[in-house]
Every structure is written in C-alpha cells, then in structure tokens.
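In: Structure of the sequence below:
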Amino acid sequence: MGLADDAARGAAGGDAEAARRESTQDVSEEGVSVPSSASHLATPLEETAALLPACRQAPSEVDGEAGGVHESPSLAMWASALPIGVFGHILVGYSVSYTSPTFSSSANASNPAALDVAFGMGDEERTWFASTYILSASVGALLAGMPVDWFGKRKALIVGYTCFAVGYIILATAQPPPAWATGNSSAMAILYLARAVMGFGDASVAVASTVYLTEIATVEHRGMLGASSGFAVSVGVMGVFGLGLCFHWRALAWIGAGFGVAGLCLTLAVPESPQWLVLQGRHAEAERSLQTLRSRETDVQALMARFKRRAAEDAHRASRRPGVWRQLRALGAPPRLRALALAMVLSLILTFSGQAAVAVYSGEILGVVYSDGPANRIPFYGRVAQLPISLAIFKVTHVVPRKPLLLTSMALYAVGLGLMIARLLGYGPDALMAIGYVAVVTMWCLGMGPLPTTLVAEITHPSVRATVAALCYATCSVANFFSIKMFMSLRAAFGGGAVGLGRTFLGPLVCVVAVMGIIAAHVPETHRKTYDDIERELRRGRQDAHPECAV
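Out: Numbers count the residues shown, from 1 in each chain. This is a model prediction of the structure:
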C-alpha cells in the first residue's frame with residue numbers, strides 16, 4: 001500500500017508539474033512554443049498577450065457566429081454611425097465637387113460671383129486649385145494611416161473635422177487681390193492653403209471613418225454601414241450643386257465650415273472603437289464601449305473574450321519593438337500579406353476604372369456626341385439615378401453576399417463602358433452613349449464605389465486596418481490625380497475627337513475585366529463573417545496555392 005501511495009503521489013506530482021510547464025508556454029500561430037512569463041513586455045498590445053492562456057477557450061465560447069454569440073445593435077451604434085459614416089462622407093463629396101458650381105461656365109465666363117473670376121484665375125491656376133485638394137488628400141492618407149492605428153479612430157476624426165472647418169474658414173475669409181495689384185500670387189497662395197488643409201481633413205475622415213464603421217458594426221450590419229459612404233458622397237455632390245444654384249462661392253465656403261464644426265461636435269459624443277481599445281490594453285473602456293454600441297441581448301463578455309484572444313495572439317506575432325517596426329511586422333503574417341495584396345487589387349477598381357475621368361470630364365465626353373443641352377442634362381439625370389440606387393444598397397448589402405454584388409456591378413459597368421466605346425468609335429446610334437453613361441454612373445454606386453473600401457477594411461487585421469486603408473486611399477488619390485491630368489493627353493495621342501476618346505476608354509475596360517477575374521478567384525466572401533473566419537479563409541487560400549506552406 002505504501003508503494004502504491006508513493007506511486008500515486010508521484011504521478012499526481014508529475015501531472016501537476018506538466019500542467020505547470022504547459023501553463024508557462026503558449027503556442028504561436030506557427031506552432032512554436034513561446035514563453036509567457038513576460039516581465040519584459042512594454043506595450044499595451046504586448047501586455048494583452050499575458051491573457052492568451054485564459055482566452056484560449058473552445059471556439060464555441062468565443063467565436064462569434066461560429067459559436068452562436070448573438071450581436072444586436074443598440075440605438076447608440078446607429079447614432080455613432082451618423083456623424084462618422086454619413087455626415088463625414090457628405091462633407092467629402094461636398095468638398096471634392098466644390099469647384100464645379102463655384103467656377104464660371106463657358107456660357108458665362110465673366111460671372112463676377114464666380115470664384116475664379118473674382119481672383120483672376122487662369123486655366124493653370126484653376127487646375128491647381130482643384131487638384132491641390134487631391135494631392136493633399138494623398139499625402140494626408142500616407143501620414144494618417146499609422147497614427148490612426150496608434151492614437152485611435154475617434155481622435156483622427158476630430159482632427160479631420162477640425163481641418164475641414166479651418167480650411168473652409170480660410171477660404172471663406174480670403175480676399176481677392178485689389179484692382180491695382182499687378183498679380184494674384186498672394187491671394188492664390190491663401191486659396192491653395194485652404195484646399196490643402198481640407199484635403200488633409202478628407203484623408204483623416206475617409207480613412208478613420210471606414211475603419212471605425214467596420215469595427216463598431218455587428219457582423220450582420222457591417223455591409224450596410226460600409227455602403228453608407230457611397231450614398232453619403234452622392235448626397236454631398238448633389239448638395240453642393242444644388243446650393244451652388246442659390247449661393248455665392250463665399251456662402252458655400254461658410255456652409256462647409258458649418259458642416260465641419262457640426263461633425264466635430266457630433267464626433268466628441270461617440271465612443272471609441274472597442275477593438276482598438278482592447279488592442280491598447282484598455283479593457284474596461286472597451287467593455288463600456290461595447291455595452292453602449294450593443295443592445296442588452298448581446299453577450300458582451302463573449303465578444304470581449306474574442307477581442308482579447310485576437311489581441312493576445314497578435315502580440316505574439318508582433319515585434320517586441322514599438323512603433324512603425326511593430327506595424328510592419330504585423331503586416332508580415334502570410335494571411336495579412338495576402339490581404340494587403342488583395343486590398344491593392346481592389347484599389348485598382350477605384351483608380352483605373354475610368355470613373356474619375358467620367359466624373360471630371362462629363363460635359364466634354366458627352367459633348368463629342370450631343371449638343372450642349374443634352375450634354376448638360378444627361379450628367380444630371382445620371383446623378384439623380386444614383387440616389388435611389390445608393391439608398392437601395394443599404395438593404396442589398398444586408399442580404400446579398402459581397403462578391404456576387406461586386407462582380408455584378410463590375411460586369412454591368414463594363415457593359416456601360418462598352419456601349420460608350422462603341423458609339424465613340426462610330427458604331428450604333430447616339431442613344432448608346434447616354435445609356436452607357438448612365439450605366440457607368442449608376443453601377444458605380446451599386447457596388448464598385450462602396451464595396452471595395454468595405455472589403456479592404458473587412459479582410460485586414462484590426463491592428464493594421466487603418467494603415468492598409470490609408471495606403472490604399474493614398475494610392476488611389478495619387479493615381480486619380482495623374483489619370484485626370486493625363487486623360488485628355490491620351491485622347492490626343494490616340495487621334496483626338498470621338499475616336500481618340502473611345503480608344504482611351506479601352507484601357508479602363510480591360511482593367512475592369514481583369515480585376516473581375518482576380519476578385520472571383522482570390523477575394524474571400526466576408527458577408528456576415530467575423531474576422532477570424534475571414535483570416536482562416538485567407539490562410540486556407542494560401543495553403544491551396546502553396547501546399548508546402550500548410551502546417
């Protein structure tokens with residue numbers, strides 16, 4: 001009996017020792033044991049790693065849809081989405097199109113109420129006044145990405161709305177050069193400064209709001225909130241055109257400043273993203289934020305456990321060094337590199353689809369086929385048709401998976417481009433041009449406009465979401481600037497006139513068709529899926545392409 005007791009005690013002691021050793025080690029994503037006695041951890045993200053053993057519960061306990069965690073939005077979630085997703089992008093659309101109603105038209109080139117006439121702008125100065133905004137937005141996006149991940153989405157939104165308000169105030173108070181002045185360089189410098197400050201606000205609001213909406217939304221309503229940006233931009237564009245019929249350019253600037261101040265005040269009242277707070281180790285604040293954004297039926301503790309587990313695993317993959325190096329290392333995980341590559345491919349839709357040229361040169365494009373009257377009315381009809389489609393997209397993205405919707409809109413967009421090209425090259429009646437133009441404008445709102453940015457946020461890991469969104473936004477802004485500048489030069493190089501225009505549009509058509517094939521083959525479906533589910537699909541796709549990488 002004594003020997004049996006000793007053996008039992010020895011076995012129990014061995015089991016206890018094995019359990020102790022197991023509790024002091026964690027298994028990383030690649031299957032390598034990593035010590036968890038982390039007295040050297042220095043950042044909030046790394047401190048979160050200490051929670052990894054406690055958070056490694058069964059998937060059924062923490063894995064969102066897979067485990068039956070019910071997420072139900074509260075009224076506060078929708079109220080938070082108003083200033084972020086809707087209000088912010090209305091201001092973006094308003095600011096991008098501000099120049100169109102405030103510049104003089106060819107029919108009334110000497111209108112003294114026009115901004116360019118008041119300041120004595122030439123063609124070059126008009127071009128730079130419009131493009132300074134785009135250049136500033138591209139630079140601002142590159143500068144804003146990592147700070148948004150470091151300091152939070154809410155602070156970035158506050159900075160963005162402040163820039164909008166300051167930029168519009170500078171513009172509204174700018175004074176034209178006096179009649180006796182020999183030049184207008186000083187006055188134009190003020191205008192360029194105003195547009196540059198607004199462009200930086202555009203970058204901050206666009207990047208932070210896209211990520212914020214993805215992180216506060218429930219899995220079920222994520223697409224609906226993401227699609228709100230396209231509708232809001234359309235409303236902003238229509239709004240500035242409508243107000244431009246009634247108000248002076250200075251009054252439009254004061255209205256823009258009012259929008260900026262209102263957005264700033266509304267943002268001060270919304271909670272910070274709970275996922276970002278968990279990544280910073282601020283768990284109590286994250287839980288309060290979740291309780292605000294979710295209804296009482298939601299199991300907040302289960303959601304918190306999922307966020308903590310993801311943050312803890314990310315801390316093991318990230319470098320022990322803080323700052324930029326950690327962000328770059330966080331992008332280095334294979335599924336995240338694949339997500340980054342896919343995000344850049346999705347950005348190609350926004351950049352090389354020809355939509356920017358269609359928006360900027362609508363009158364000139366349609367003018368090669370129609371007289372001045374139809375050439376001016378058709379763009380208006382196209383923008384009016386955008387509004388019901390933009391409203392419908394709220395419901396459509398709620399029930400329809402992302403990929404089929406995006407591919408359908410791209411296919412119909414390509415058909416619209418094809419009809420325009422056919423008429424420009426001399427085939428078919430003039431009606432093909434109008435039908436193709438309206439198809440291009442409306443199909444952009446159906447999916448090609450809102451869905452790529454939504455997908456980029458959904459397939460990207462929370463710790464680098466703003467960085468990737470900023471990189472994509474900056475790439476699109478720079479490419480759009482050069483594509484707009486080069487569009488008419490390409491038209492002239494291809495022979496000029498309607499034929500040169502048709503040949504120029506062949507490039508965007510080929511790009512759209514090529515990107516359709518890449519999306520169909522490689523982009524994962526994200527509809528009603530948690531990020532954990534999406535990352536597993538990204539990892540599985542890589543292993544299918546490279547079986548030797550399978551663990």
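
In: need the strands for the protein, in chain order.
Out: 25-27, 33-35 (DSSP state E).

In: The stretch 51-200 of the chain: helices as residue ranges?
Out: 52-55, 59-62, 75-81, 88-96, 99-102, 115-118, 123-151, 153-173, 185-216 (DSSP state H, counting those that start in this stretch).

In: And those helices: which comes nearest Ile435?
Out: Ile435 sits nearest to helix 99-102 of all the helices of the stretch 51-200 of the chain, at 24.0 Å, using Cβ to Cβ. Glycine gets a C-beta too; all of them are placed from N, C-alpha and C.

In: Quick one: low-confidence residue ranges for the stretch 451-551 of the chain.
Out: Within the stretch 451-551 of the chain, the segments meeting pLDDT under 70 span 541-551.

In: before we move on, back to that, mean pLDDT for the helices of the stretch 51-200 of the chain: which is lowest?
Out: Note on the helices of the stretch 51-200 of the chain: helix 59-62 shows the lowest mean pLDDT, a mean of 35.

In: Just to check, Asn233 is in contact with Gly88?
Out: One thing to correct before we go on: residue 233 is Val, not Asn. No: Val233 is not in contact with Gly88 according to Cβ atoms under 8 Å; the separation is 9.9 Å.

In: More neighbours: these two, which one.
Out: A direct count of neighbours by other Cβ atoms under 10 Å for Val233 and Gly88 places Gly88 higher, at 33 against 25.

In: contacting residues around the more buried one?
Out: Shown in contact with Gly88 (Cβ atoms under 8 Å, 6 or more residues apart in numbering): Leu157, Gly160, Tyr161, Val205, Ala206, Ser209, Ala232, Gly263.

In: Recalculate using a threshold of 10 Å.
Out: 82, 157, 160-161, 164, 201-202, 204-206, 208-210, 212-213, 228-229, 232-233, 236, 259, 263, 266-267 (Cβ atoms under 10 Å, 6 or more residues apart in numbering).

In: I'd like the distance between it and Asp430.
Out: 40 Å (Cβ to Cβ, to the nearest Å).

In: if I look at Val499, how far off is Ile421?
Out: For Val499 relative to Ile421 (Cβ to Cβ), the value is 10 Å.

In: err, Val166, not the other one
Out: 44 Å.

In: pLDDT below threshold where in the stretch 301-450 of the chain?
Out: 313-336, 360, 363, 372-376, 380, 383, 394.

In: Show me whatever sits in contact with both of Val233 and Gly88.
Out: Ala206.

In: hang on, the earlier thing: mind checking which of the contacts of Gly88 are buried?
Out: 157, 160-161, 164, 201-202, 204-206, 208-210, 212-213, 228-229, 232-233, 236, 259, 263, 266-267 (16 or more other Cβ atoms under 10 Å).

In: Counting neighbours, what do you get for the nearest residue to Cys511 once chain neighbours are set aside?
Out: Nearest residue to Cys511 in three dimensions, chain neighbours excluded: Phe352, at 4.2 Å (Cβ to Cβ, 6 or more residues apart in numbering). Counted with other Cβ under 10 Å, the neighbours of Phe352 add up to 20.

In: Also the one 5 residues further on?
Out: Applying other Cβ under 10 Å, we find 23 other residues in the vicinity of Ala357.

In: Verify the stated contact: it with Arg491.
Out: Yes: assessed by Cβ atoms under 10 Å, Ala357 is found in contact with Arg491 at 9.5 Å.

In: what residues are shared contacts of these two?
Out: By Cβ under 10 Å, 6+ apart, the residues touching both Ala357 and Arg491 are Glu364, Ile365, Leu501, Thr504, Phe505.

In: which residues touch the residue lying closest to Leu348 once chain neighbours are set aside?
Out: Nearest residue to Leu348, sequence neighbours excluded (Cβ to Cβ, 6+ apart): Val515, at 5.4 Å. Residues in contact with Val515 (Cβ under 10 Å, 6+ apart) are 345-349, 352-353, 406-407, 410, 448, 452, 523.

In: Ok, Ala172 next?
Out: Applying Cβ under 10 Å, 6+ apart, one finds that Ala172 lies in contact with Ala194, Trp249, Arg250, Ala251, Leu252, Ala253, Trp254, Ile255, Gly256, Ala257.

In: Skip the chain neighbours and tell me the closest residue to it.
Out: According to Cβ to Cβ, 6+ apart, the nearest residue to Ala172 is Ala253 (3.7 Å).

In: For Ala385, see how far away Arg222 is.
Out: 26 Å.

In: I'd like to know how far Ser97 sits from Thr530.
Out: Distance from Ser97 to Thr530, by Cβ to Cβ: 37 Å.

In: can you check Ile170 too?
Out: 44 Å.

In: Kindly report the same for Ala286.
Out: Counting by Cβ to Cβ - Ala286 and Thr530 are separated by 17 Å.

In: which ones are touching the residue nearest to Cys511?
Out: Cys476, Ala479, Asn480, Ser483, Gly507, Pro508, Val510, Cys511, Val512, Ala514, Val515.

In: What remains of those if I keep only buried residues?
Out: So, by 16+ other Cβ under 10 Å, the buried ones in the contacts of Phe352 are Cys476, Ala479, Asn480, Ser483, Pro508, Cys511, Val512, Val515.

In: Can you tell me, leaving aside adjacent residues, what's nearest to the fourth one?
Out: Closest residue to Ser483 apart from its sequence neighbours, by Cβ to Cβ, 6+ apart: Ala356 at 5.8 Å.

In: Run a quick neighbour tally on that neighbour.
Out: 20.

In: which residues sit in contact with it?
Out: Contacts of Ala356 (Cβ under 10 Å, 6+ apart): Ile134, Leu350, Cys476, Ala479, Asn480, Phe481, Ser483, Ile484, Phe487, Pro508.
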